[in-house]
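# below is the sequence, then the predicted model.
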Amino acid sequence: MNQLEVLRESLGQCDEIVLDALLMRNRIVEDIMAYKEANDIPILQPEQEAKQREWLNRRMEGRRHKDEVTAVFEEITRNSKRIQARKLFDYNIVLIGFMGAGKSTISDFLRTVFAMEVVEMDQIIAEREGMSISDIFETYGEEYFRNLETELLIEMQSKTNVVISCGGGVPMRERNVVEMKKNGRVVLLTAKPETILSRVKDNHDRPLLEGNKNVDFIAGLMEKRREKYQAAADIVIETDGKDKLEICEELVQRIRTLDAEE
Ligand SMILES: Nc1ncnc2c1ncn2[C@@H]1O[C@H](COP(=O)(O)OP(=O)(O)OP(=O)(O)O)[C@@H](O)[C@H]1O
Ligand SMILES: O=C(O)C1=C[C@@H](O)[C@@H](O)[C@H](O)C1
Ligand SMILES: [Mg+2]
């Protein structure tokens, strides 16, 4: 063997070690999940990720290829999260609820902890149409917009492990509820009108609430929608006084219970 062949042989041996270590690591990730489930330990423990990052920083301090190694570990972490998510849900999570209930906040947190893809329905529809939701309503009318919502829900049925953050009016159409349930668990996030007001009062991106930022208006609109929201929901989570970690942990545990019952 010439020197090049020797070096390639060594590289191949390194790849074997990396491959075995990755397979072993993935098995351990699954074992940790199973242990948490069997012992009723919280599934979400974001402090673990921080500890692993600190460990890597310490180990790579002042060493060559720190950025490259860090990038590999980031990808490993992302994949571990995806393995966990796939073990927990083999369907989509559909978040519904009143404006300010926390659909986007919880979607974003689920993306952070489980590396799940997030579909913000309003945002995707606005991007695809090349105009804001208000402009779509004005130009083509509400029926056109509602049809786009239905089509997007149907499109999502071919995917799994996606978090769908619905526009506020999505569950008002019965057909939409039928479509979202075909490959999704529907989670209704609720909050008291006072909580909603405190969350949305300084924001101007919610046309329905502009000029209506008071508890009476919010309570009235919420009551009008309550029945349809409740009817659509597989799970209802009250969010008042809870942070996003508590809400996501509750979501995971309630979904597990629901799956176990079926
Ligand atoms: N559990 C929570 N505790 C405290 N603040 C929260 C909580 N959930 C959301 N918020 C805050 O409330 C505001 C509204 O939340 P978010 O945008 O997630 O609501 P949404 O349901 O997506 O609303 P919309 O239907 O209008 O899109 C944000 O500023 C967010 O930071
Ligand atoms: O509650 C609603 O009917 C709506 C809420 C927003 O998310 C947008 O989807 C649109 O403004 C309609
Ligand atoms: Mg939102």
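Structure's in. What do you need? Fair warning: this is a prediction, and the values are worked out from it, not measured in the lab. Ligands and ions are numbered 1, 2, ... in the order given.
# near Phe145, how many other residues are there?
Residues lying near Phe145 (other CB atoms under 10 Å) number 19. C-beta: built from backbone N, CA, C; applies to glycine.
# quick one: Ile247 and ligand 2, what's the gap?
19 Å (CB to the nearest ligand atom, to the nearest Å).
# so what does the helix or strand hosting that residue touch, helix or strand wise?
Assessed by DSSP states H and E, Ile247 sits inside helix 244-261. Helices and strands touching helix 244-261, by 3 or more CB pairs under 8 Å, 6 or more residues apart in numbering; DSSP states H and E, are helix 66-88, helix 103-114, strand 184-190, strand 235-238.
# and the residue of this structure closest to ligand 3?
Ser104 (3.2 Å; CB to the ion).
# these two touch, right, that residue and Cys166?
No - with contact defined as CB atoms under 8 Å, Ser104 does not count as touching Cys166 (10.3 Å).
# which one of the two is surrounded by more residues?
It is Cys166, of Ser104 and Cys166, that has more neighbours when counted by other CB under 10 Å, with 24 against 15.
# contacting residues around the nearest residue to the more buried one once chain neighbours are set aside?
Distances taken as CB to CB, 6 or more residues apart in numbering place Ile96 nearest to Cys166, at 4.9 Å, with adjacent residues excluded. Going by CB atoms under 8 Å, 6 or more residues apart in numbering, Ile96 touches 103, 166, 170-171, 186-189, 229, 232-233.
# kindly report the same for Gly62.
Contacts of Gly62 (CB under 8 Å, 6+ apart): none.
# start at 464 instead
Got it, the first residue is 464 from now on, which makes the last one we talked about Gly525.
# shouldn't it be within a helix?
No - counting by DSSP: H, G, I helix; E, B strand; the rest coil, Gly525 is not part of a helix but coil.
# check the gap between it and ligand 1 for me.
38 Å.
# so who does Ile659 touch?
When contacts are counted by CB under 8 Å, 6+ apart, Ile659 touches 561-564, 681, 685.
# returning to that earlier point: how about the helices and strands packed on helix 707-724 in CSV, adding mean pLDDT and distance to Asp665?
As requested, these are exported to CSV (pLDDT from 0 to 100; distance: least, CB to CB, whole Å):
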stretch, mean pLDDT, distance to Asp665
helix 529-551, 96, 32
helix 566-577, 97, 15
strand 647-653, 98, 20
strand 698-701, 98, 23
